[in-house]
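K.L.:
generate a structure from the sequence data that follows.
(one chain, ligands or ions: 2)
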Amino acid sequence: MSPLRLNKIGIGLIGLGTVGSGVVNVLRENKKLLSDRSGVELEIRRICVKDISKLRAVKVPRSFLCTDPELLLKDPSISIVVELAGGIHPAKEILQKALARGKYVVTANKALLAQESEVIWEAATRAGVEIGFEASVCGGIPIIQALKEGLVSNKISHFLGIVNGTCNYILSSMSSAGADFHAALKTAQKKGYAEKNPTLDIDGTDSAHKLAVLARLAFGAKIPFEKIHIEGIQKISAADIEYARELGYAIKLLAIGKRSARGLELRVHPTMLPLDHPLSHVHGVYNAVFVRGDRVDDLLFYGRGAGMYPTASAVVSDMIAIAKKIHAGGAKASAHPMPAVPTKICPMDETVCKYYLRFQVADKPGVLGRIAQTLGKNRISILSVHQKESRDAKSVPVIILTYEAKEKDLRKALSQIDHFPESCENTAVIRVEK
Ligand code: NDP
Ligand code: HSE
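P.N.:
Ligands and ions are numbered 1, 2, ... in the order given. Prediction:
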């Protein structure tokens, strides 16, 4: 056997869509570069898809394709199973089987890692097999590697991340090109950024999946997915984007993980950031994560957060790292790279924020006074008030920026104000971060 043959590592791919096609192309087009740098050669031996007859963006020998994952799992020449199908089922069952059979796993499936985290890590621990998941968060940005290794000597106090390329693309298009929400979403889908079900992007769920993966690494805490507060960008209007800009802010969908005196804050919601904040300058499909560590201070990770090649870049980096370990004798991993200690999660009601509030009210004397009085009674202090021109003749937008207030108090105040006879629609609420 030639030495080159010895270094070949068999790959089984599950999924040949946007990311899977990118991986095939990277392995093909950068074959020499990859083997020169790693001393191993990754060889795809089988690809499992849903529909074998589908026309594909990438050409692969028909004999590689199958619809039964069992064919990959029982093939002893396949050492690494790369799951790029997405969703919880059957990805979960396939990966459990792969791990139980001692296959190494690489996945971009943040939904699975967030919602079935313990099941997957227990299966990996039982099997003593490593999982690579760099591609699950922020496409091409090596943020997982950074949190796992580069920042291991730091206690992370918080991170703020723009972690969904689709939402950032939509918000950027709405704010710079005045694009319509639905048209911008369509373009993001065409470019391969959106999830198969784009509601997961828009309603904040995808960002919450990524928040769960990042928070586990950053804080060494098990993250019960249902404890993450999730709001998406569905209610963000072009008017709010414009008013925010006039006040000196950009609106971004943020995933926030923060240690506070009240526990670990885990929240995804549209957020107003001062225009001079570095995250305000992250546009289009780009993602960025701002991290503060106690030794390193502030860091900013920035790059393309979705799409074929940035994501394939992250997948292939995991494949190479694992293949090198296999080649070196199969160093086994036994658990999640970050051990978890019991940690209190702060309930959303207890979080403290500044708020942007847009009241859409009838233009009558005394309304502003009643709003201010109700906020005050609920311990919410006003920072500034701005009345804008009416856009619909029936109501007038009144914008109030508050000082820091408790979420519970704000909710109580708004439940009263939204019932005023002068209130024409529910108050728009956007949290403000520094
Ligand atoms: P696509 O929808 O483009 O591709 C999914 C692929 O999986 C298709 O080839 C499909 O087969 C195959 N597939 C689906 N269900 C099954 C099944 N039950 N058995 C076998 N094959 C199946 O998705 P993406 O490539 O965009 O995403 C893949 C994963 O990567 C997801 O977890 C996603 O969240 C994640 N991800 C995506 C990013 C992106 O920018 N697109 C970025 C980061 C992560 P067929 O082609 O026959 O329909
Ligand atoms: N749909 C995701 C996004 C893909 O738009 O960010 C990358 O995880």
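
K.L.:
from what I can see A146 touches G303, true?
P.N.:
No: using C-beta atoms under 8 Å, A146 is not in contact with G303; the gap is 11.7 Å. Where you see a C-beta, it was placed from the backbone N, CA and C, and this is true even at glycine.

K.L.:
tell me the spacing between whatever residue of the chain ends up closest to ligand 1 and C167.
P.N.:
Using C-beta to the nearest ligand atom, the closest approach of the chain to ligand 1 is made by G17 at 1.9 Å. Applying C-beta to C-beta, to the nearest Å, the value for G17 to C167 is 20 Å.

K.L.:
these two: which is more packed in?
P.N.:
For G17 versus C167, the count of surrounding residues by other C-beta atoms under 10 Å is larger for C167: 31 against 18.

K.L.:
from ligand 2, how far out is that one?
P.N.:
7 Å (C-beta to the nearest ligand atom, to the nearest Å).

K.L.:
again, but for G20
P.N.:
For G20, the distance to ligand 2 - C-beta to the nearest ligand atom - is 14 Å.

K.L.:
three-state assignment of that residue?
P.N.:
helix (DSSP: H, G, I helix; E, B strand; the rest coil).

K.L.:
the closest residue to it other than its chain neighbours: what's it in contact with?
P.N.:
Nearest residue to G20 in three dimensions, chain neighbours excluded: L84, at 4.4 Å (C-beta to C-beta, 6 or more residues apart in numbering). The contact partners of L84, by C-beta atoms under 8 Å, 6 or more residues apart in numbering, come to L13, I14, G15, L16, G17, V19, G20, V23, T107, A108, N109, V315.

K.L.:
by neighbour count, which of those residues wins?
P.N.:
Most surrounded of the contacts of L84: other C-beta under 10 Å gives V23, at 31 neighbours.

K.L.:
secondary structure element for that residue?
P.N.:
V23 belongs to helix 18-29 when assigned by DSSP states H and E.

K.L.:
what's in contact with that helix?
P.N.:
Contacts for helix 18-29 (C-beta under 8 Å, 6+ apart): 11, 13, 16, 34, 42, 44, 47, 56-58, 60, 82, 84, 108, 135, 192, 307-309, 311-313, 315-316, 319.

K.L.:
need the residues of the chain near ligand 2, please.
P.N.:
Residues of the chain found near ligand 2 (C-beta under 6 Å from any ligand atom) are G139, N164, G165, T166, Y193, A194, E195, D201, D206, G305, A306.

K.L.:
just for the protein, where's the confidence low?
P.N.:
1-6, 331-334 (pLDDT under 70).

K.L.:
quickly list the domain ranges of it.
P.N.:
What the record gives for the chain is the domain set 7-139+308-327, 143-304, 348-432, from automatic domain parsing.

K.L.:
touching ligand 1 at all, the second one?
P.N.:
Meaning domain 143-304. Yes: counting by C-beta under 6 Å from any ligand atom, contacts between domain 143-304 and ligand 1 involve G192, Y193, E195, K196.

K.L.:
ends of that domain, what's the gap?
P.N.:
12 Å (C-alpha to C-alpha, to the nearest Å).

K.L.:
try the shortest one
P.N.:
When the termini of domain 348-432 are compared using C-alpha to C-alpha, they are 15 Å apart.

K.L.:
how about the first one?
P.N.:
Across its full length, domain 7-139+308-327 reaches 7 Å between end residues, using C-alpha to C-alpha.

K.L.:
quick one: V315 and E134 touch, right?
P.N.:
Yes: assessed by C-beta under 8 Å, V315 is found in contact with E134 at 7.3 Å.

K.L.:
quick one: residues in contact with stretch 96-105.
P.N.:
Counting by C-beta under 8 Å, 6+ apart, 12, 69, 72-74, 78-83, 95, 119-120, 123-124, 126-127, 129-132, 322, 326 sit against stretch 96-105.

K.L.:
going through those residues, which ones are buried?
P.N.:
12, 69, 72-73, 78-83, 95, 120, 123-124, 127, 129-132, 322, 326 (16 or more other C-beta atoms under 10 Å).

K.L.:
from these, which ones fall inside helices?
P.N.:
Counting by DSSP state H, those place L72, L73, L95, I120, A123, A124, A127, I322, I326 in helices.

K.L.:
tell me the backbone dihedrals of whatever residue of the stretch 251-400 of the chain ends up closest to ligand 2, please.
P.N.:
Using C-beta to the nearest ligand atom, the closest approach of the stretch 251-400 of the chain to ligand 2 is made by A306 at 3.6 Å. Phi and psi for A306, reported as degrees, to the nearest 10, are phi -160, psi 170.

K.L.:
residues in contact with it?
P.N.:
Going by C-beta under 8 Å, 6+ apart, A306 touches G139, N164, G165, T166, G192, Y193, A194, V285, N287.

K.L.:
so which bits of stretch 90-100 are buried?
P.N.:
So for stretch 90-100, counting by 16+ other C-beta under 10 Å, buried means A91, K92, I94, L95, Q96, K97, A98, L99.

K.L.:
from V105, how far off is the fourth one?
P.N.:
In this case it means L95. 6 Å.

K.L.:
which residues are common contacts for the two?
P.N.:
Joint contacts of L95 and V105 (C-beta under 8 Å, 6+ apart) are V81, E83.

K.L.:
and the nearest residue to the residue of the stretch 251-400 of the chain closest to ligand 2 once chain neighbours are set aside, how many neighbours does it have?
P.N.:
Using C-beta to C-beta, 6+ apart and skipping the chain neighbours, the partner closest in space to A306 is G165 (3.3 Å). Neighbours of G165 under the rule other C-beta under 10 Å: 27.

K.L.:
same check, this time on A328
P.N.:
Around A328 there are 10 residues (other C-beta under 10 Å).

K.L.:
before we move on, back to that, what about ligand 1: which of the ones in helices among the buried ones among the contacts of stretch 96-105 touch it?
P.N.:
Answer for these near ligand 1: none qualify (C-beta under 6 Å from any ligand atom).

K.L.:
thank you, goodbye.
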